[in-house]
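# Pasting a predicted model and its sequence here:
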Amino acid sequence: MTERRMARRYDLSLPVNVRMPISREIRAHSGQTRDISTRGVYFTMTNELAPGTEVDFTLTLPAEITRGTAVFVRAHGRVVRIDKHSDDNHESVGVAAVIERYDIIRGEGSPV
């Protein structure tokens with residue numbers, strides 16, 4: 001199989017908050033990243049999303065990773081693939097999303 005990724009992926013397991021801007025939900029859904037790059041992200045969550053769904057997500061890169069202060073990342077993207085997982089009565093959905101734009105905010109506190 002030919003590698004199609006245009007940017008290097010980093011294996012990072014970080015909490016992520018996901019919103020679907022089209023449905024204007026107030027509450028964010030929580031998930032966990034598996035890997036991330038400047039062009040895409042893969043995360044797992046319990047809510048199912050359909051390919052093509054627009055998503056807004058936020059995560060914080062801790063100081064241990066950035067070698068300085070924590071970095072807050074706010075991004076907008078689109079779901080390109082989902083993978084359903086099931087084990088021991090626990091179901092989750094793996095979500096691969098392309099990142100269309102993002103903002104990086106350095107500093108001590110994370111904006112809400």
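Cool, the structure landed.
# who touches stretch 51-67?
Outside stretch 51-67, the residues that touch it by C-beta atoms under 8 Å, 6 or more residues apart in numbering are 12, 14-22, 28, 33, 36, 41, 43, 49, 69-82, 95, 97, 110. Any C-beta I mention is one placed from the backbone N, CA and C, and that applies to glycine too.
# tally of neighbours for the closest residue to residue 102 other than its chain neighbours?
Spatial nearest neighbour of residue 102, excluding adjacent residues (C-beta to C-beta, 6 or more residues apart in numbering): residue 75 at 3.8 Å. Residue 75 has 20 neighbouring residues, counting by other C-beta atoms under 10 Å.
# mind listing the strands for this structure?
For the chain, the strands defined by DSSP state E cover 10-11, 15-19, 29-36, 40-45, 54-61, 71-87, 90-106.
# In PyMOL, how would I select the buried members of the contacts of stretch 51-67?
Typed into PyMOL, the line below selects the buried ones among the contacts of stretch 51-67, using 16 or more other C-beta atoms under 10 Å:
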select buried, resi 12+14+16+17+18+19+20+33+36+41+43+49+70+71+72+73+74+75+76+77+79+95+97
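# where are the low-confidence patches of the chain?
1-6, 23, 107-112 (pLDDT under 70).
# Please name the residues that touch residue 7.
37-40.
# Kindly apply the preceding question to residue 86 instead.
Neighbouring residues of residue 86 by C-beta under 8 Å, 6+ apart: residue 92.
# And it, how close does it get to residue 80?
22 Å (C-beta to C-beta, to the nearest Å).
# Residue 62 too?
On the measure of C-beta to C-beta, residue 62 and residue 80 end up 27 Å apart.
# Would you enumerate the residues in contact with residue 106?
For residue 106, the contacting residues are 68-69, 71-72, by C-beta under 8 Å, 6+ apart.
# One more pass at 7 Å, please.
Applying C-beta atoms under 7 Å, 6 or more residues apart in numbering to residue 106 gives the contacts 69, 71.
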